[in-house]
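Participant: 3D, please:
(one chain, ligands or ions: 1)
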Amino acid sequence: MHQPSLFSDLNALETPPVTPFKTQLIKWVGNKQRYADQIIAHFPPAYGTYLEPFLGSGGVMANLAPPRALGSDVYGPLMEIWQCLADDPDRLIAWYDDRWSWFHAGDRHDRYNTIRARFNAAPTGADLLFLCRACYGGVVRFRKKDGLMSTPLGVHPVIKPEKFARRVALWQPRMAGAQFERLDYLDAFARALPGDLIYCDPPYSHSQSILYGAQSFRLETLFAAIADARARGVFVALSIDGTKKSGDTYCNIPLPEGLFVEEHFVNIGRSMLRRFQMDGQTLEDEIVRDRLLLTYASPRGTPKP
Ligand SMILES: C[S@@+](CC[C@H](N)C(=O)[O-])C[C@H]1O[C@@H](n2cnc3c(N)ncnc32)[C@H](O)[C@@H]1O
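Facilitator: Purely as a prediction, here's the structure:
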């Protein structure tokens, strides 16, 4: 359990300025690292514990480097990687080193396929770590029909263990304030206390249908959890993909009335804002990708007096 916190507590933490940090530890579909500094710019100026219940490859959390956080995801092997980083970073490096060395000591395709078959028979964080670095395009794809990881070996060189070890050394201190747990997002939401901040990046878009858990994910259930958290005094920021499968067309997801107070577009080279209380303002014709919806008025969205 993370420590209790209240927004008004002396413990409330000021959001530090963020230096963009783009070096990836894990390759993961939907990684938000490139836009993390834009997202974080819309976080409240102070909050208690930072919760990221769809942690994935932790792109936002690593940029934020929160002093107190709960990082969670429903995918067990992924959480094994995060827990290993926190508990025993040398072991994480050894996991990678062992597989990288074995892979390079024989036919690389055969050896990749052997690791993938072993992973599909009994998924582990250690094998997932190597597969996500070695697979084609870094896209860990789960087949719809049987849930198995199906991505072939990539054409790129797989980073050397020394380079991976340097990444671990960069990431470990950035994630040191976090505890990591395998949780369904609803269980993570239940942990949030008044004044905490939840950042959500759910598996919701056509391009993410290959992600773990995406098939059963229901946006309506997430909206209900956000409404409940908001009523308890928790700040919630939600990333939602605004593109249709066919191209860069803005896709208007029906949002519950009054749940969000601001919407930002963070992934188009500049940041735009729509305030829901302002009538007649629409961005329907804009080409956008990621939308950030807030249940609170953000520092960037609040007009200067
Ligand atoms: C879009 S990805 C998050 C990407 C992340 N922001 C990053 O930078 O890598 C969505 C994540 O939600 C996780 N997920 C799917 N269903 C979930 C559930 N019910 N509860 C918690 N996590 C879930 C997936 O395993 C995946 O890692």
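
Participant: how many neighbours does the residue nearest to residue 45 when sequence neighbours are not counted have?
Facilitator: Using CB to CB, 6 or more residues apart in numbering and skipping residues adjacent in sequence, the residue nearest residue 45 is residue 299, 5.5 Å away. For the C-beta atoms, the positions are set from N, CA and C on the backbone; glycine is no exception. By other CB atoms under 10 Å, the residues close to residue 299 number 11.

Participant: please, which helix or strand holds residue 299?
Facilitator: Here residue 299 sits in a region with no helix or strand, counting by DSSP states H and E.

Participant: confidence score at it?
Facilitator: For residue 299, the pLDDT comes out at 81.

Participant: hang on, it packs against residue 47?
Facilitator: No: using CB atoms under 8 Å, residue 299 is not in contact with residue 47, being 12.0 Å away.

Participant: residue 40 versus the residue nearest to residue 45, what's the distance?
Facilitator: Taking CB to CB, to the nearest Å as the measure, residue 299 falls 11 Å from residue 40.

Participant: over to residue 50?
Facilitator: Separation of residue 50 from residue 40 (CB to CB): 10 Å.

Participant: assign the spatially closest residue to residue 133 that is not a sequence neighbour to helix, strand or coil.
Facilitator: Leaving aside its sequence neighbours, residue 133 sits nearest to residue 158 (CB to CB, 6+ apart; 5.6 Å). Per DSSP: H, G, I helix; E, B strand; the rest coil, the local secondary structure of residue 158 is coil.

Participant: give the helix, strand or coil label for residue 28.
Facilitator: Here residue 28 is recorded as coil under three-state DSSP.

Participant: neighbours of it, how many?
Facilitator: The local packing of residue 28 (other CB under 10 Å) involves 24 other residues.

Participant: for it, list the residues it contacts.
Facilitator: Residues counted as contacts of residue 28 (CB atoms under 8 Å, 6 or more residues apart in numbering) are 56-57, 78, 132, 138, 140.

Participant: what's near enough to touch the residue nearest to residue 45?
Facilitator: Listed by CB under 8 Å, 6+ apart, the contact partners of residue 299 are 41-42, 44-45.

Participant: out of these, who's near the ligand?
Facilitator: Among these, no residue lies close to the ligand (CB under 6 Å from any ligand atom).

Participant: by neighbours, which of the residues you listed wins?
Facilitator: Counting neighbours by other CB under 10 Å, the top entry in these is residue 42, with 22 neighbours.

Participant: thinking again about what came up before, touching, the residue nearest to residue 133 and residue 103? I think so.
Facilitator: Yes: contact criterion CB under 8 Å: residue 158 and residue 103 qualify, at 7.1 Å.

Participant: which neighbours do these two have in common?
Facilitator: By CB under 8 Å, 6+ apart, the residues touching both residue 158 and residue 103 are 130, 134.

Participant: what are the pairing partners of the biggest strand by length in the chain, and which direction each?
Facilitator: Among the segments of the chain that qualify as a strand by DSSP state E, the longest is strand 235-241. Strand 235-241 has the following sheet partners, assigned by DSSP bridges: strand 197-200 (parallel), strand 290-294 (antiparallel).

Participant: quick one: which of these is nearest the ligand?
Facilitator: strand 197-200 (8.3 Å; CB to the nearest ligand atom).

Participant: could you point out the helix or strand that follows the closest one?
Facilitator: The helix or strand immediately downstream of strand 197-200 is helix 219-231, counting by DSSP H and E.

Participant: all set, thanks.
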